[in-house]
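> sharing a model that was predicted from the sequence below.
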Amino acid sequence: MSKQFTPNNPLPQEAKVPEAMAEFSPAVEAEIDRHLAKYPPERLRSAMLPLMFIVQRERGWLDKPGVAYIADRLRVRITDVWETATFYSMFYMAPVGKYHLQVCRTLSCKIMGAGRVTEQCAKRLGIKPGETTPDGKFTLSEVECLGSCGTAPMMQVGLDYHENLTPEKIDEILDACERDEYVFSVKVQ
Amino acid sequence: MADLIKVTINGNAYEVEKGARLIDVCRAQGHAVPSFCYYADLALQASCRMCLVRIEKMPKLQTSCTITCTDGMIVTTESEEIEKAQRAMVEFLLANHPLDCPVCDRGGECELQEMVFDWGGLEERFREKKNYAPEKFLSPIVANDPQRCILCKRCTRVCDEWMGEDAIEAGGRGAHTVIGTYDGWLNCSQCGNCIEVCPTGTLLDATYRHQARPWELAQTITTCTFCSDGCQLSLGARAGEVMRSVARDRYVDGINGEFLCIKGRFAHPFINHEERIKTPLIRYRKGGRLIPATWDEALRFTAEKIRAVGEAHGADAFGVVGSPRLTNEANYALLKFAREVIGTENFTTTDAFSLAPFFANLGAPLATHRDIRYAKTIILIGGEPEELQPLTGKQIRQAVRNGGARLVIFNHVPIRLREQAAQFVHINPGTEDAVVLALAGAADDELAAGKLGAEARALADVRRLIDETEGDCVLMFGGELSAAAMSALAQLPQTLGARAGRRFLLHPLPLYNNSVGVHDIGLQNGRLSPAQLLAQAGQSLRALYIAGSFLPEQLSGQEAALAQLDLVIVQELFETATTALADVVFPAASFAETDGTFTNNAGQVQRIRQSIPPVHQARADWMITAALASALDADFGFQMSASAVFREIAERVPAYEGLRYPLLKDESRPVQAKHALAANSDTAGVLNELRQRVQTLNATGERATETPHVGHELFKPGTLTSKTPQFPLLYAGNPKPPTVLISPLYQLTVDEHLRPAAVAGD
Amino acid sequence: MFIGAIGCEPLQLRRVQLERSHTLDVYRQNGGYVALRKVLDGMSPDDVIAEVKKSALRGRGGAGFPTGMKWSFVPKDSPKPKYVVCNADESEPGTFKDRYLMERDPHMLIEGMLIAAYALGARTNYIYTRGEYRYLINIMDVALAEARAAGLLGEKILGTDFACDIYTHTGAGAYICGEETALLNSLEGLRGHPRMKPPFPAVSGLYAAPTVVNNVETLTAVPDIINMGGDAWRQLGTEKSGGTKLWSVSGHVKRPGVYELPMGYDNMERFIMEDCQGITGGRQLKAVIPGGSSVYIMPAADIIGKAVKMDYEGLVAGGSMVGSGGFIVMDDTVDIFESTKNLIEFYKHESCGWCTPCREGTDWLVKVFKRIADGDGRPEDAQLLLDICDNIEGKSFCPLGDAAAWPIQSAIKKFPEDFKRHLLPLANRAAEEKVALSTV
């Protein structure tokens, strides 16, 4: 099976499809500028993580146009964005559900019943940890210690902390999400 | 002399230079210390944890790659504790590493395999399931088997530090760390250095993979046939076929270390290509076809024709054209043929860039590539070494990154090396000559700055940088300079004057593997340039003897004139636009099939060695010339021996005096030709001439604002490089195929029009 | 959850129960920014460092390095800018003290950082907070804006020539970034791999400039040290380690929380059984990990009746370490094999992958634990686990390797029975034990 590749112009740069680059509103651009201003001008790369969070907030995950935008703003190569993003567990290189349930599984939570929290969520949503519901609404993950050990068990929905979880509390949260009435209280800003 | 300190290793006391790296000292003194991630002159990694040693008064075992020797240090490299630790590291590395060496392409030359073999007796305690990832392609040239990766990151470091490309990186975290790129496709110059330095079978040469086992190959040390840097490489051949080209330090140890560029490493398939000219060919009547003939018949036919032209029109009806791609021996034989057999000064070469004015005024020694690596100031005027002389490009990068050198670039294009430059002066195209004038002194700043379109202040900054240099200052230039500018540049060391602590070195950047050699031999310095020669074709000039082919830009428009000649003799590897006009074509041997020498841009005379017997009926170029001379009753006396040709060169070319093949045997100790420094140059006169030239300069167009794409020169498919099927794909933009699990060669084809030679020679 | 002091007047926690304790007003009304005033009014940078040295304050992040000494390593004559970076990447399992300090009293951290920046000559400074603590970053941003508006940040602070800025920076989910050099890489927008030491950050840290990286609790101790004087502050604790210390307590205690105790609090048993109100559900204490997960596990027998002193020396004598001061208390329902498996899974997930022993060792350990948990254990596995740990310990690039090895080594040593049960092939186990294991 041979696919004919016929560039109009044989020069490499012109043969390439230009990378689509994400565009953002002036308000978001201003927000990004504010972050860039925190670091010495010759150290733009320092703004990598803050920028990724903003791009992820705006686009849901670090898609190709988003990554291209970050590379362009920070004057780094796309592969530099990739190597950094994939190191950190909070960046998504693929889409995730609108409500990302992240149940802490580390020791303090585990002995205080994290397993039951995961089980309840999994049962109700019909997915296993690491999966997303077919409608793309929920993703369920088991994550490592979130510093909520004294108020275990806990889970994060997006960036919101929900602590001292009980079966009732979990149902309440999931109900709200299902009805799209859940309001995120913590945002990247 | 650096300070010496005392270090004790395994009970033996040694005096070593202060600041020496412990692992280097141990190895130099014969105490084997294993390592994977340590690689000389790359950023330290200290991640493989193989080089652990015990140092007295230090709590834990220490990585010897990160330790700088201090006075009185007491080191143990062999003990039960150390061996347990090192065995443990190998055990860890093997845990997730497939143990199917027989099907791994690196089997037989894998550092991990060798480490295990050296020790023996490793028990496999890891009985769990290994992490799995499928084999895939990162580009048409780089195959990748992620499971075999031990994350030494030599590849990412050479990509970054040698190539300045940062194309390949580590992604992911922990046990899920992988070497790769954002979208799994590698868009880079495809130098393959990542493959070369890979200790395991993780990154593999897709042009060679699964075609041979290393132990089947006869490895031959030779010199690259592409650019003027003259990298040393090792051709691996089996049964008369060159299978691969490598620079692994187990096979070769040249000026380039393990570095090669895409051409040196991957452009060898032309050697055994089916389109090679197989036998001598004769065109018995103009306009007819080339018909295969025997050597005897072709030589007899040619000799007869030469005699006829000579009798009818005299010796000066002949022209001889050599090539900067051929060996010194081949070009010398041509020169000898022209002078002694024909009796004419009508000789030249196809190199458009004559270094004659440069060498005539040479004011400082040529910089070797090692000199460039340790230079403190590098001035680059014109040129684009990262594409045209990649080793020089790499040395510049390392000088800046690892040696703190200051790089100044004058160019009308913002070339990629600009990333390393302390100062980039963006100049008007065609005004490179004015740079030389400005470097010579402040008097002409206004004139120079005006022509260059640069600020006078920038020029003063550069002069100050040169002035303040402590150590080596290398002046490099590309082919843009005029003869006057080249002369003045060669004299700059005199113009600027000597000062203790600073040494000037010069580094020309011609295009071809033997550009400097053809100059030295003298073939370049005949009566007529190639253009003049072609212009007289069919008039006073009646016959041409061409080794190699004209460049397309030289030949274009001259075909009709050439067709009028009574006799055109060509010796070539492949049929080209020049052979299309030939009356006789002799099949020449490639660099892999002959012995000889090339002289690189550092003036180093380096050997090429026969890796395989000549394919089909090909013969070495100098042998063809000698046979032709013999057919004309002139005996060159070379006795079928390249070394005899070279001895005669050494006797007649002053810069090569005393050189012999045995002296050039060791590629790790290259020998520089003794190019004479010009005495008592008339610097004022030369500068004056340059000044007058600069006054008449006009910018020849707009400055380029975009940095050229990686590979825009390297990927150009030429007569030779287009024979590697990957080159046309790369030239077409290296499109990512539908799946990376299968070679793109089986998935994509490119337009036929991209295949024919665009650049003769390469 | 409890948050307060036991056995001393609350210092670090003195404002946490106040309404709107996170605001500048409340902070100022309760002794805030007095220390900064004192410093700017009459102390030289050297005076400040001397006071901190006198206080015997030791880094609260886990390593316990003397803070004053760390500060004094910063070369005064360096032409490069200097940086103070607050390590708020609190990720050590069982540790959550910094979170409440920042949530309830952000200005105390700002004041501490300002004093540190003054002492070290740093103009620009960063608070590196783990990305999951996004709400804290937002709180800090508000507090920083308040401080800036009140002339406590920027040029001419409190009308003096002192100029200083503090910015928040976000992590993004990587435990390793709590290691100070990994944190600096992350702050530079790189992968969070630790760097080679030397050079130490004090000489070549952020942007290769002299940098001090301090934990939140370390920096929030500074205003009190200035206010009280280093000597007085030290006397709250012990000779070698001054002041008070925050302990995070989680797990099977009736009253988990953040406890401020004088350094050298004299009885760990009393702390758990009385201050934290004992074990939940009337069960027995089985084990405590006292310093965040990266320290040796202590069986109840090493605590009950042993009067383990809660400071650096006391906990070492007791068989463990202070670490980050995160107590994970486990009752007798906990299977130590399971709890250890949980931790090694954590370390495998968080290993940065830089060096061989940590990357491959943790991966292997998890696989062995999983196999054992799946009922395919072999008696020789205990020795295998110990040997893998030994091959990691002391050979990894950074301390994360040691941190992964120690909990396993101590667990096998202190709770051999919990391992032995699992190491018999499933078929050989008693029927009732199979049932018990399968419900864990």
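That came through fine. Numbers count the residues shown, from 1 in each chain, chains lettered A, B, ... in the order given.

> all strands for the stretch 1-150 of chain B, in order.
Taking DSSP state E, counting those that start in this stretch to define them, one finds strands in the stretch 1-150 of chain B at B:4-9, B:12-17, B:52-55, B:62-63, B:73-76, B:136-137, B:142-144.

> most tightly packed of those?
The highest mean neighbour count among the strands of the stretch 1-150 of chain B, using mean count of other CB atoms under 10 Å in any protein chain shown, belongs to strand B:142-144: a mean of 26. The C-beta positions use only the backbone N, C-alpha and C, and glycine is treated the same way.

> quick one: least confident helix or strand in chain A?
Within chain A, no helix or strand scores below helix A:12-15, which has a mean of 34 by mean pLDDT, DSSP states H and E.

> so, low pLDDT: which residues of the chain?
Since you didn't name a chain, this refers to chain A. In the predicted model of chain A, residues A:1-19 satisfy pLDDT under 70.

> meant chain B, my bad for not saying
For chain B, the stretches flagged by pLDDT under 70 are B:1-2, B:680, B:751-762.

> show me which residues of it sit near chain A.
Within reach of chain A by CB under 8 Å from any CB of the partner chain, chain B has these residues: B:166-173, B:181-183, B:706, B:709, B:711-712, B:715, B:729-735, B:737-738, B:746-751, B:753-754.

> of those, which belong to helices?
Those of those mapping onto helices are B:Leu729, B:Leu730, B:Tyr731, per DSSP state H.

> what's the burial count for the closest residue to chain A within the stretch 201-350 of chain C?
Minimum separation of the stretch 201-350 of chain C from chain A (CB to the nearest CB) falls at C:Ser250, amounting to 3.5 Å. Close neighbours of C:Ser250, defined as other CB atoms under 10 Å in any protein chain shown, add up to 29.

> hmm, stretch A:65-75 in reach of chain C?
Yes - counting by CB under 8 Å from any CB, chain C is contacted by stretch A:65-75 at A:Leu74.

> got a list of contacts for that stretch?
Residues outside stretch A:65-75 that contact it (CB atoms under 8 Å, 6 or more residues apart in numbering or on different chains) are A:19-24, A:32, A:36, A:44-45, A:47-48, A:51-52, A:55-56, A:58-59, A:62, A:76-78, A:80-82, A:85, B:182, C:189.

> sorry, back to before: the residue of the stretch 201-350 of chain C closest to chain A reaches C:Lys97, doesn't it?
No - if you go by CB atoms under 8 Å, C:Ser250 and C:Lys97 don't touch, sitting 11.1 Å apart.

> shared neighbours of these two, anything?
Contact with both C:Ser250 and C:Lys97 is made by residues C:Gly326, according to CB under 8 Å, 6+ apart.

> phi, psi of B:His369?
B:His369 adopts backbone torsions of phi -70, psi -30, taken as degrees, to the nearest 10.

> residue contacts, B:Gly343?
B:Ala315.

> so how far is chain A from it?
Using CB to the nearest CB, to the nearest Å, we find B:Gly343 at a distance of 46 Å from chain A.

> name the nearest residue to C:Arg148, sequence neighbours excluded.
Nearest residue to C:Arg148 in three dimensions, chain neighbours excluded: C:Gly154, at 5.6 Å (CB to CB, 6 or more residues apart in numbering or on different chains).

> just the pLDDT at the nearest residue to C:His107 once chain neighbours are set aside, thanks.
In space, C:His107 comes closest to C:Tyr27 once its chain neighbours are excluded; the distance is 3.9 Å by CB to CB, 6+ apart. pLDDT, C:Tyr27: 97.

> pretty sure C:Tyr27 is in a strand, no?
No - counting by DSSP: H, G, I helix; E, B strand; the rest coil, C:Tyr27 is not part of a strand but helix.

> so for the host helix or strand of C:Asp363, what gets flagged as buried?
Using DSSP states H and E, the element containing C:Asp363 is helix C:356-371. Judged by neighbour count (16 or more other CB atoms under 10 Å in any protein chain shown), helix C:356-371 contains these buried residues: C:356-369, C:371.

> ok, which of these also contact chain B?
C:Thr356, C:Pro357, C:Arg359, C:Glu360, C:Gly361, C:Thr362, C:Asp363, C:Trp364, C:Lys367, C:Val368, C:Arg371.

> make a markdown table out of those and add pLDDT and distance to chain A.
Shown next, in a markdown table, are these (pLDDT from 0 to 100; distance: CB to the nearest CB, whole Å):
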| residue | pLDDT | distance to chain A |
| --- | --- | --- |
| C:Thr356 | 97 | 18 |
| C:Pro357 | 97 | 19 |
| C:Arg359 | 97 | 13 |
| C:Glu360 | 97 | 18 |
| C:Gly361 | 97 | 18 |
| C:Thr362 | 97 | 13 |
| C:Asp363 | 97 | 16 |
| C:Trp364 | 98 | 19 |
| C:Lys367 | 97 | 18 |
| C:Val368 | 97 | 19 |
| C:Arg371 | 95 | 20 |
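
> ranges for the helices of chain A?
Under DSSP H, chain A gives helices at A:12-15, A:26-36, A:48-59, A:64-74, A:78-85, A:107-111, A:114-125, A:167-178.

> deepest of the ones you listed, which one?
Of those, the one with the most neighbours on average (mean count of other CB under 10 Å) is helix A:107-111, at a mean of 30.

> then B:Phe504 would be within a strand, right?
Yes - assessed with three-state DSSP, B:Phe504 lies in a strand.

> might one say that it is in contact with B:Gly471?
No - between B:Phe504 and B:Gly471 there is no contact under CB under 8 Å: 10.9 Å.

> now the helices for the stretch 51-200 of chain C?
Applying DSSP state H, counting those that start in this stretch to the stretch 51-200 of chain C gives helices spanning C:67-72, C:97-104, C:106-120, C:134-149, C:180-187.

> find the centremost residue of chain C, please.
For chain C, C:Ser324 is the residue whose C-alpha lies nearest the centre (CA atoms, centre = their mean; 3.1 Å).

> ok, it to A:Leu107 distance?
Between C:Ser324 and A:Leu107 the distance is 14 Å, computed by CB to CB, to the nearest Å.

> and for these two, which residues touch both?
Counting by CB under 8 Å, 6+ apart, the residues touching both C:Ser324 and A:Leu107 are C:Gly94.
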